[in-house]
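Colleague: need coordinates for the following:
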Amino acid sequence: MGRVTQRRKVHKYVLDGSPNALEFPVRHREDVLAVEEPLEIRLGSMSFSVTMRTPGDDFDLVAGFLVSEGIIWSAEQLVSLRFCAGEDEDGVQTFNVVEAQLRPDVQLPEKGRNVFTSSSCGICGTDSIDAVRKSSQFSPAADPLTVPADILASLPERLREAQAVFDVTGGVHAAGLFRMEDDGGVRLLCLREDVGRHNAVDKVVGWALRERLLPLSGLILQVSGRASFELVQKAAMAGIPVLAAVSAPSSLAVELAEASGITLAGFSRGASLNIYAGQRRITLPDVRIPAELRG
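Modeller: Numbering: from 1, shown residues only. Purely as a prediction, here's the structure:
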């Protein structure tokens, strides 16, 4: 997997009380880690932001990040993306600087986001919470999509089955775009993995922008981990009507979902899920009650 993963020697402590563990409590082995490196995003010659991410799909990440920031919302506004010169101490190209050239009429921010963005925080560096409540060019509230509850609850497993990097590291988040099919099934359109959950979403949104699919009407965004405010905000900026997470949402995430008209699901675990906002889009499967249980 190239720069996506890295092998490291580790000391494994086995404390299960077995005879083998009592004789050899410390074992030496190799482990595979998800790589985390900085990526500098430039708008022309202006340094806009630095984020920690797992290398790979970097152009998608930058494109999606610009959508999330409200700078662009169509493929036509993004003229080009390229890696800039950047070398490590051995003189090897690091591919850790990406320059985006935007259409001349695109309004650039007055300054870059001067605060470093970690892999756990996608909105660090904004001046206030009001600055994050950007006005989306799209309206998830108007989306007529409906989703059967059992289909929505099945998506975490579908997402997990497609996570190649997680399989070998156990250390990355994932985001996947799903589309309901005419036969009642569901199709995975795009999956991206990253050490940062917000990066994984940006990579998916950036892929969609570059494929000229925005707004993402009629689609479902399934994410690993929790549903934070920033993930709901990114969904709103891309016009996604349904966001589901395997863990809990935050209170502010629920408030923004309600305000944006997004259906927000949490604790989606196969046999059950909680709907925190937009319950109108969720339908029940056609379940037949056995005769012996009918009143």
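
Colleague: my guess is Leu219 contacts Ile240. True?
Modeller: Yes - taking C-beta atoms under 8 Å as the definition, Leu219 is a contact partner of Ile240 at 6.0 Å. (Each C-beta comes from the backbone N, C-alpha and C, glycine too.)

Colleague: neighbour count for these two, which is higher?
Modeller: Using other C-beta atoms under 10 Å as the criterion, Leu219 and Ile240 rank with Ile240 on top: 30 against 23.

Colleague: tell me the contacts of that one?
Modeller: Pro140, Leu216, Leu219, Ile220, Leu221, Ile262 (C-beta atoms under 8 Å, 6 or more residues apart in numbering).

Colleague: which ones among those lie within strands?
Modeller: Leu219, Ile220, Leu221 (DSSP state E).

Colleague: closest one to Phe83 out of those, please.
Modeller: Leu221 (27.7 Å; C-beta to C-beta).

Colleague: just checking, that closest one touches Ala244?
Modeller: Yes - Leu221 is within contact range of Ala244, at 7.2 Å (criterion: C-beta under 8 Å).

Colleague: hey, where'd the helices end up in the protein?
Modeller: With DSSP state H, the ranges of helices along the chain come out as 19-23, 58-68, 129-132, 149-161, 164-169, 197-210, 229-238, 251-260.

Colleague: just so I know, which of the ones you listed lies nearest Leu284?
Modeller: helix 149-161 (5.9 Å).

Colleague: thought Thr51 was touching Asp58?
Modeller: No - between Thr51 and Asp58 no contact is recorded; they are 10.3 Å apart, counting by C-beta under 8 Å.

Colleague: and the helices of the chain, which one is worst for confidence?
Modeller: Note on the helices of the chain: helix 129-132 shows the lowest mean pLDDT, a mean of 49.

Colleague: quick test: name the residue nearest the centre of the chain.
Modeller: Val201 (2.2 Å; C-alpha atoms, centre = their mean).

Colleague: and that one, how far is that from Gln6?
Modeller: Counting by C-beta to C-beta, to the nearest Å, the gap from Val201 to Gln6 is 24 Å.

Colleague: ok, Ala238 next?
Modeller: On the measure of C-beta to C-beta, Ala238 and Gln6 end up 31 Å apart.

Colleague: having no further points to raise, I will conclude here.
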